[in-house]
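Enquirer: coordinates for the following, if possible.
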Amino acid sequence: MMKTVYWIGYTFFRSAGKAFYNLRLVNPEKLVNEGGVMMAANHESFLDPPLIGISHPENVTYLARKTLFTGLSKWLYTKWDAIPIDQENPDMTGLKNIIKAIKGGKKVVMFPEGERTWDGELNAALPGVGLIIAKSLATVQPMRIFGAREALPRGSGKMNMAQIAVVVGDPIYFTKEELKQYKGKVGYQAIADRVMAAIAAIEDPR
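Expert: Residues are numbered from 1 along each chain as shown. Got it, this is the predicted structure:
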């Protein structure tokens with residue numbers, strides 16, 4: 001059951017998505033509802049976190065810059081179950097909190113590329129994504145966003161009219177035995193690459 005403040009944000013963004021961008025959710029039947037899940041998607045725009053969040057009927061957990069956790073924003077992001085991440089001085093604290101959240105059965109929204117695309121092309125995934133999967137045994141839910149870059153491209157503050165679709169891919173279930181073969185940075189990168197390949201394989205339905 002959604003918490004009140006989360007439900008308000010969920011309802012607002014869902015209504016706005018349908019009203020302004022004719023938002024479509026494709027393959028919702030593939031969404032994983034049980035256990036801890038990494039909701040892994042491409043990163044096109046500032047619109048991406050809420051687009052992924054409103055795609056799931058349950059509360060999801062977001063990652064947010066540590067600097068946003070002040071004043072009213074701290075209260076709001078806490079209510080939205082966000083995990084603070086220090087982008088300027090990254091350390092293991094953020095990773096440990098993400099792993100803990102997934103092990104605790106939460107659905108955590110992550111963008112393996114780490115930053116928004118400039119040209120619309122997919123970038124390589126970061127090895128930290130593989131580390132999180134290996135340590136948490138997360139089920140990975142590949143998802144792909146189409147149209148968010150047209151609606152609000154990186155480097156622009158102007159909102160444009162665009163058709164947006166969020167497509168849910170087939171979940172990836174890693175076993176403990178399988179993950180044992182992936183060791184160190186090279187192994188974590190291989191896991192991340194597999195996730196990114198699954199995202200890349202999702203086709204544009206528009």
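Enquirer: I'd like to know how many residues surround Met65.
Expert: Not Met; residue 65 is Arg. Residue neighbour count, defined by other C-beta atoms under 10 Å, stands at 14 for Arg65. All C-beta atoms are positioned from the backbone trio N, CA, C, and that covers glycine.
Enquirer: do I have it right that it meets Ile83?
Expert: No - using C-beta atoms under 8 Å, Arg65 makes no contact with Ile83, being 10.7 Å away.
Enquirer: what sits up against the helix or strand in which Ala134 is found?
Expert: Element membership of Ala134 [criterion: DSSP states H and E] is helix 127-136. Helix 127-136 is touched from outside by 36, 38, 40, 95, 98-99, 102-103, 110, 112, 138, 140, 174, 179, 182, 185, 187-193, 195, with contacts defined as C-beta atoms under 8 Å, 6 or more residues apart in numbering.
Enquirer: export that helix as PDB, just CAs?
Expert: Taking Å, rounded to 0.1, in the frame of the first residue of the first chain, the C-alpha atoms of helix 127-136 are listed here in PDB:
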ATOM      1  CA  PRO A 127      30.600  -1.600 -13.000                       C
ATOM      2  CA  GLY A 128      29.100  -0.500  -9.800                       C
ATOM      3  CA  VAL A 129      25.800  -1.800 -11.100                       C
ATOM      4  CA  GLY A 130      27.200  -5.300 -11.400                       C
ATOM      5  CA  LEU A 131      28.700  -5.100  -7.900                       C
ATOM      6  CA  ILE A 132      25.200  -4.200  -6.400                       C
ATOM      7  CA  ILE A 133      23.600  -7.100  -8.300                       C
ATOM      8  CA  ALA A 134      26.400  -9.500  -7.100                       C
ATOM      9  CA  LYS A 135      26.100  -8.500  -3.500                       C
ATOM     10  CA  SER A 136      22.300  -8.200  -3.300                       C
END
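Enquirer: ChimeraX command to pick out the buried ones of the contacts of helix 127-136?
Expert: Buried residues among those (16 or more other C-beta atoms under 10 Å), as a ChimeraX selection:
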select :36,38,40,95,98,99,102,110,112,138,140,174,179,182,187,188,189,191,192,193,195
